[in-house]
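> fold the following.
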Amino acid sequence: MEIIAKLENLKFTPTLLSKLKEFNIDDFISGKLARTANYVLNYKNNSFGISQWVSPKRTRSYPYARVYNTMSKQFRVTIIPFIKDEGFDGDRDFIQWDTVSLMSLLNVYVLLGYYHEAKKNPKYKNKITNQILDYQYLKDQLDKLINYKSSALHWNLSQLDNSSEVAQKCKNNYQTISKRLGVRMHSVEGVDKRIEILKKGVKEFKEISRGLAIKAQNREFQTTQPKEKVTGEKVKIIIKNYLGGVYYLTVDEVQIKNDRLFLVEKKHSRNSLFPSIGDIKEGIVRMMLFANLSETKIVNKVVNHFSALGLTSEKFKGFCHNSMSEQEIKTSLVKNNFSPQRQETILSVFNEGKLNNFLVFLMDSNSPNYQDEILNLV
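Residues are numbered from 1 along each chain as shown. Here you go, the predicted model:
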């Protein structure tokens, strides 16, 4: 199954925001903010909502949750290291095209950075830690951004078009760190290949956006009505936005109930009654997109869609969702021995869904049939 969708406007009211501290450009350049996930930077009569990734890998340190916390600011910037190399005994992660695409859809400006300071990890022979980005370079990029008069999409494409510059700085600085600390890093081979992959992505994006080419991928549209239930595997969704961009994303699960297409993003917890707030915010970032889709099609047929954030837990018994009354929800939570503080957290998440027109449900992951029951009720 493949879903074709349109995104014309992004309207969303975030209510789970963390309070952001405010800083100035001197704080920024000094590296004082290197460990700060998100903050407000006041600079040249601008107030930037800044989020920082510790790695370009999306599964580390809840980067989307960091972005979410800046969504109340009109000018949103996220800083992502182009490469993070922990040394030969550790991991090496590269920026992904899909990451930048998602930021563009959310109207978030990406600043690609590189690490230029680090310390040797005392537990390993060839591993580094406490890496710090070059904030003077990022300040220079911020100066360019202030004078930039186009959309986040076009800025982000230009960042990737010029990725060879930042990639070379990554290579040079990691070689310097390697010599200074006596730590073996990963081979520089593959970095240039990664640049070519990114540039190919930019090229394909532009070609598709102009209608000059078709994405080089196999599209196997079903010629029959989609199955009543499709769960357990990611489904491709192609989103076209008002700027003419074409974005290839995925949905965790898709179900069709009562002639409605449910786009379900899932977050799970094995050892707690519900997923962490960081995990939940990551899911809400997807809801920002899915809840704002103006049209969805399957097999060239327009279908009504509804977005859902599914929170599952091996510890929770039964289910509750934000279409229930507050008293019904509280009864379910009390049965599961939720503290007043945890009740407040879940009610706040449920309210965010109501306010922004998406379903949120919490259920026992050991009873998957509950999901059918929930979707039939809404």
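> show me what Leu111 bridges to in the sheet.
Taking DSSP bridges as the rule, Leu111 bridges to Ile79.
> neighbours around it, how many?
23 (other Cβ atoms under 10 Å). The C-beta positions use only the backbone N, C-alpha and C, and glycine is treated the same way.
> one more: Tyr174?
Neighbours of Tyr174 under the rule other Cβ under 10 Å: 26.
> wait, isn't it in contact with Met185?
Yes - Tyr174 is within contact range of Met185, at 5.2 Å (criterion: Cβ atoms under 8 Å).
> center of this structure - which residue?
Tyr64 (3.9 Å; Cα atoms, centre = their mean).
> for the stretch 101-250 of the chain, which spans come out with low pLDDT?
The model of the stretch 101-250 of the chain has pLDDT under 70 over residues 205-233.
> all helices for it, in order.
135-146, 152-161, 163-181, 191-209 (DSSP state H, counting those that start in this stretch).
> Lys315 is nearest to which of those?
For Lys315, the closest of the helices of the stretch 101-250 of the chain is helix 152-161, at 39.5 Å, according to Cβ to Cβ.
> now that closest one: buried residues?
Within helix 152-161, the residues that count as buried by 16 or more other Cβ atoms under 10 Å are 152-153, 155-157, 159-160.
> that helix to helix 135-146, inter-axis angle?
Per axes from the mean of the first three to the mean of the last three Cα atoms, to 10 degrees, the angle that helix 152-161 makes with helix 135-146 is 140 degrees.
> what's the domain layout of the protein?
10-209, 252-377 (automatic domain parsing).
> for Lys234, find the nearest of these.
Using Cβ to Cβ, these put domain 252-377 closest to Lys234, at 6.1 Å.
> what's the end-to-end length of the closest one?
With Cα to Cα, to the nearest Å as the measure, domain 252-377 spans 21 Å from end to end.
> next one: stretch 116-128
Start-to-end span of stretch 116-128 (Cα to Cα) is 12 Å.
> distance from the chain centre to that stretch, please.
28 Å (Cα atoms, centre = their mean, to the nearest Å).
> pull out the buried residues from it.
Result for stretch 116-128 [16+ other Cβ under 10 Å]: buried residues 116-118, 120-121, 126-128.
> tabulate those residues (a markdown table), appending distance to Leu41.
Below are the buried residues of stretch 116-128 laid out as a markdown table (distance: Cβ to Cβ, whole Å):
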| residue | distance to Leu41 |
| --- | --- |
| His116 | 20 |
| Glu117 | 20 |
| Ala118 | 24 |
| Lys120 | 31 |
| Asn121 | 30 |
| Asn126 | 35 |
| Lys127 | 31 |
| Ile128 | 27 |
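> most widely separated two among those residues?
Among these, His116 and Asn126 lie farthest apart (Cβ to Cβ), at 19.0 Å.
> so the nearest residue to Tyr62 once chain neighbours are set aside, which of the three states?
Leaving aside its chain neighbours, Tyr62 sits nearest to Gly278 (3.7 Å; criterion: Cβ to Cβ, 6 or more residues apart in numbering). Under DSSP: H, G, I helix; E, B strand; the rest coil, the three-state class of Gly278 is helix.
> distance of Gly278 relative to Val360?
For Gly278, the distance to Val360 (Cβ to Cβ, to the nearest Å) stands at 16 Å.
> tell me which of those two has more neighbours.
More crowded of Gly278 and Val360, by other Cβ under 10 Å: Val360, with 25 against 16.
> show me the contacts for that one.
By Cβ atoms under 8 Å, 6 or more residues apart in numbering, the residues touching Val360 are 308-309, 311, 321-322, 349-350, 352-353.
> go through the protein and flag its longest strand.
What stands out as the longest strand in the chain, according to DSSP state E, is strand 301-313.
> now that strand: buried residues?
Those buried within strand 301-313 under the rule 16+ other Cβ under 10 Å are 305-313.
> now tabulate those in a markdown table and tack on distance to Phe94.
As requested, the buried residues of strand 301-313 are exported to a markdown table (distance: Cβ to Cβ, whole Å):
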| residue | distance to Phe94 |
| --- | --- |
| His305 | 33 |
| Phe306 | 35 |
| Ser307 | 30 |
| Ala308 | 32 |
| Leu309 | 29 |
| Gly310 | 30 |
| Leu311 | 31 |
| Thr312 | 31 |
| Ser313 | 33 |
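> go through those and say which is closest to Val378.
Phe306 (7.4 Å).
> before we move on, back to that, okay if I get the buried residues of helix 152-161 as CSV plus distance to Met1?
Converted to CSV, the buried residues of helix 152-161 look like this (distance: Cβ to Cβ, whole Å):
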residue, distance to Met1
Ala152, 30
Leu153, 27
Trp155, 33
Asn156, 29
Leu157, 29
Gln159, 33
Leu160, 29
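> now Ile256: which helix or strand?
For Ile256, the host element (DSSP states H and E) is strand 253-257.
> returning to what we had before: so the residue nearest to Tyr62 touches Ala65, yeah?
Yes - Gly278 is in contact with Ala65 according to Cβ under 8 Å; the separation is 4.4 Å.
> need phi/psi at the residue nearest to Arg194 when sequence neighbours are not counted.
Of all residues not flanking Arg194 in the chain, Phe94 sits nearest, at 4.9 Å (Cβ to Cβ, 6+ apart). Taking degrees, to the nearest 10, you get phi -120, psi 150 for the backbone angles of Phe94.
> could you report the pLDDT at Phe94?
What the model reports for Phe94 is a pLDDT of 90.
> neighbours around it, how many?
A count of neighbours around Phe94, defined by other Cβ under 10 Å, yields 21.
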